[in-house]
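**Q** got a sequence here, can you model it:
(one chain, ligands or ions: 2)
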Amino acid sequence: MLNAIIIGASGYTGAELARILLSHPYFHLQGLYVSSQSADANRNISELYPQLKQVVDLPLLPLPDSTEKLTALAENVDLVFLATAHEVSHDLAPIFLQANCQVFDLSGAYRVNNSDFYRQFYGFEHQYPDLLAKAVYGLAEWNAEQIKQADLIAVPGCYPTVSQLCLKPLIENQLLDLTQLPIINAVSGVSGAGRKASLTSSFCEVSLQPYGVFHHRHQPEIATHLGTDVIFTPHLGNFKRGILATITAKLQPQIDEQQVYACYQQYYEDKPLVRLYSQGLPSIKAVEFSPYCDIGFACHQGHIIVVGAEDNLLKGAAAQAVQCANIRYNLAETTGLI
Ligand SMILES: NC(=O)C1=CN([C@@H]2O[C@H](COP(=O)(O)OP(=O)(O)OC[C@H]3O[C@@H](n4cnc5c(N)ncnc54)[C@H](OP(=O)(O)O)[C@@H]3O)[C@@H](O)[C@H]2O)C=CC1
Ligand SMILES: CC(=O)N[C@@H](CCC(=O)OP(=O)(O)O)C(=O)O
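**A** Ligands and ions are numbered 1, 2, ... in the order given. The predicted structure is shown next:
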């Protein structure tokens, strides 16, 4: 058994990680951590999430606040899941790497190897260009060979996961005419914004509305890793969890539905957490509370509409993080997930 801890365990993705890891056959969940000053420190996680009662009854421990004590903690674990805000992950990852831990970071702190990107889209100066260069982007279906060698895995954002899983096969096989940029319209449930109270995510405010138009930080994340520009518009919907992405693109001349389906099959036939639809289109209902990304499509008059659905907290975060860890330690990638 490998000893694992979760930092940020009281948050939405952290709680999903706790649930998955508690019954994982090869990872021993050694501890759950929150910030040193957390109002939830020393409470049981099942007080916050009653659905975890008698499933995960573990205390939320305050994270030590000195580097020395953090190093001592790191020396006793094999792997750490950072379910923390970008700046927090940015600061914690080097301490755990120094202690020879494998780090699975759910934040955006190590996803794009470009300091300007952090200045422009995250509002902080990245201090670790060497780690940015070494970090492997944990898009699990595409980067398994690199993940196997990596100590720092930057798990993709929720919108980038579903968007790239839909577009990457078509781009790799040159089925798209990229003179017309692919247009991604995606709707996310409110849990995408995390657990902290805020006006925009409060019950009476949430409706169905686009946000971050032309400047959401996931646009450059998607474009960087796809290797081609896209237009990306996120929307906040009035439901708790799940993302539905509807993607419109232009096909190369003469490409038909059979060729598109064969292309997806070529990449995903042996990928258990991507489910291809030969007819009909995915919905959030089909994927919520599950680790899958579902993909369906339709072609008409030279264009394709691809629809992808995932649970933002699972395939878009916690489940993909565990999938990456399974790959890193040469386990079946679905271990503990299905
Ligand atoms: N929600 C989603 O759908 C997705 C989220 N992500 C990313 O995953 C990360 C976690 O997201 P999410 O679970 O939604 O976030 P939440 O806001 O729900 O949870 C954040 C967690 O971090 C803890 N925390 C805050 N400050 C510190 C600190 N200094 N040291 C240790 N722990 C701290 C919080 O507890 P406390 O404040 O009490 O200490 C809480 O447990 C973020 O980077 C997010 O961008 C990625 C993909 C999808
Ligand atoms: C609905 C909502 O607010 N969603 C979040 C995305 C969550 C996510 O994927 O997290 P990262 O910040 O780690 O990329 C947003 O748009 O900021």
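**Q** please count neighbours and contacts with C-alpha atoms only from this point.
**A** Will do.
**Q** the helix or strand that contains residue 18 near ligand 2 at all?
**A** Of the helices and strands defined by DSSP states H and E, residue 18 is found in helix 12-22. No. For helix 12-22 and ligand 2, the contact criterion (Cα under 6 Å from any ligand atom) is not met; the two come no nearer than 9.8 Å.
**Q** now do the end-to-end distance for stretch 94-105.
**A** As for stretch 94-105, its first-to-last residue distance stands at 11 Å under the measure Cα to Cα, to the nearest Å.
**Q** show me the contact partners of it.
**A** By Cα atoms under 8 Å, 6 or more residues apart in numbering, the residues outside stretch 94-105 that reach it are 67, 70-71, 74-75, 77-83, 89, 93, 131, 150-155, 321, 324-325.
**Q** once you drop chain neighbours, what's closest to residue 231?
**A** On the basis of Cα to Cα, 6 or more residues apart in numbering, the spatially nearest residue to residue 231 that is not a chain neighbour turns out to be residue 183, at 4.8 Å.
**Q** mind checking how far that neighbour is from residue 172?
**A** 17 Å.
**Q** more neighbours: which of the two?
**A** Set residue 183 next to residue 172 and count neighbours by other Cα atoms under 10 Å: residue 183 wins out with 18 against 13.
**Q** was I right to think that one contacts residue 245?
**A** No. Between residue 183 and residue 245 there is no contact under Cα atoms under 8 Å: 9.9 Å.
**Q** just the helices in the stretch 101-250 of the chain please.
**A** Using DSSP state H, counting those that start in this stretch, the helices of the stretch 101-250 of the chain run over 115-117, 129-134, 144-149, 158-172, 218-226.
**Q** nearest to ligand 2, of those helices?
**A** Across the helices of the stretch 101-250 of the chain, the minimum distance to ligand 2, taken as Cα to the nearest ligand atom, is reached by helix 158-172, at 3.8 Å.
**Q** that closest one - contacts with which helices or strands?
**A** Packing partners of helix 158-172 (3 or more Cα pairs under 8 Å, 6 or more residues apart in numbering; DSSP states H and E): helix 218-226, strand 243-250, helix 257-268, strand 303-310.
**Q** just to revisit the earlier point, the contacts of stretch 94-105 in strands, which ones?
**A** With DSSP state E as the criterion, strands contain 79, 80, 81, 82, 152, 153, 154 from among the contacts of stretch 94-105.
**Q** near ligand 2, which residues of the protein?
**A** Proximity of the chain to ligand 2, by Cα under 6 Å from any ligand atom, involves residues 107, 108, 157, 158, 159, 188, 189, 190, 192, 193, 236.
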